[in-house]
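Asks: Need coordinates for the below:
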Amino acid sequence: MQTDTNLPDPVVSPVAHVPMAPVNAPHGHQASLDDGLAFVNTLDHERGQPVERLTSPAVALHWLHDHSLLHAQTLTAALSAMAADPRAADKAMSRIRKVRAAIRELADAAVERRSPQQRHLDEINRSLRTPYTYYLIPAPDGVSLDHRHEGDPIEGALARLAESLAREVSQGHPERLRVCANPDCRWVFSDSSRSGRRKWCDMNTCGNRAKVARHRQRRKSEADALALGTDRTDAAPTGMVPPDA
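Replies: Numbers count the residues shown, from 1 in each chain. The predicted structure is shown next:
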């Protein structure tokens, strides 16, 4: 397939401060599982407290664009519309967070081997009903698959994110979904290790912190045991052997 060399300059994202895709760059039709999990993890945790990474409608829409879920033209139009109507921006932000919470519940339920809460299933199903149509168009080397949104493009992006987890828990490997064992993190991830026994989202961060914490606890326990033994020895009457000697 031929490549157009006269592409516009890339738009810079305020989220990652990296160039975004050109306007007529290829656009993904399905969200990957990694995309779905990354979306869930935009509600982060630090020291056990939730931290919102999608801090505004603009940041949320740039996130969707950066993950090939919104065309650049759509992004520009949506940002303009939201700037003109703050109530529409608030409504979109509320919808994004509701769908994210529902996808998180879907992942948590899979990890915990239980059924998801019905209200979250209803939210997922509402997203999955968002229509978009695939069709073939001529291309220099044959045909290319394109698509057309049959409704709100933000709803279309959320539908594909919901679909990524719905596919995994129903047709993929839900037994490989994990929640990081670090209680201050709680990221959701897919365990791709050979053993299938991975506990941490990242061994270099949460895994190492857990190892350091265990080491400190072990040293503290040893010090406490040593201090207790010394106290017993000091308290023993002269000429008597401590009971646990």
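Asks: can you give me the strands in the protein?
Replies: In the chain, strands defined by DSSP state E lie at 43-46, 49-52, 132-139, 142-149, 177-179, 188-190, listed in chain order.
Asks: what's the offset of the fifth one from the middle of its chain?
Replies: This points to strand 177-179. Centre-to-centre, strand 177-179 and its host chain are 11 Å apart (CA atoms, centre = their mean, to the nearest Å).
Asks: same thing with stretch 46-62?
Replies: Worked out by CA atoms, centre = their mean, stretch 46-62 lies 11 Å from the chain centre.
Asks: now swap in stretch 38-56 and tell me
Replies: Mean-position distance between stretch 38-56 and its chain equals 9 Å (CA atoms, centre = their mean).
Asks: same question, stretch 157-172
Replies: Its chain's C-alpha centre and that of stretch 157-172 lie 13 Å apart, by CA atoms, centre = their mean.
Asks: Same question for stretch 181-195.
Replies: Averaging C-alpha positions (CA atoms, centre = their mean) puts stretch 181-195 11 Å from its chain's average.
Asks: Would you mind listing the outside residues contacting it?
Replies: Among residues not part of stretch 181-195, those counted as contacts by CB atoms under 8 Å, 6 or more residues apart in numbering are 33-34, 37, 40-41, 44-48, 104, 107-108, 111, 168, 173, 176-180, 197-201, 206, 209-210. Backbone N, C-alpha and C define where each C-beta goes, glycine included.
Asks: just to revisit the earlier point, could the strands of the chain go into JSON lines alongside mean pLDDT?
Replies: Output for the strands of the chain, formatted as JSON lines (pLDDT from 0 to 100):
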{"stretch": "strand 43-46", "mean pLDDT": "90"}
{"stretch": "strand 49-52", "mean pLDDT": "92"}
{"stretch": "strand 132-139", "mean pLDDT": "82"}
{"stretch": "strand 142-149", "mean pLDDT": "77"}
{"stretch": "strand 177-179", "mean pLDDT": "96"}
{"stretch": "strand 188-190", "mean pLDDT": "95"}
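Asks: now the contacts of stretch 181-195: which count as buried?
Replies: By neighbour count, with 16 or more other CB atoms under 10 Å, the contacts of stretch 181-195 hold 33, 37, 40-41, 45, 104, 107-108, 168, 176-180, 198, 200-201, 206, 210 as buried.
Asks: follow-up on the earlier one: if you look at the contacts of stretch 181-195, which of them are in helices?
Replies: 33-34, 37, 40, 104, 107-108, 111, 168, 209-210 (DSSP state H).
Asks: and the two most separated of these?
Replies: Farthest apart among those by CB to CB are E168 and R209. That separation is 27.6 Å.
Asks: Find the nearest non-adjacent residue to T130, please.
Replies: A159 (3.9 Å; CB to CB, 6 or more residues apart in numbering).
Asks: wait, that neighbour sits on R126?
Replies: No. If you go by CB atoms under 8 Å, A159 and R126 don't touch, sitting 9.2 Å apart.
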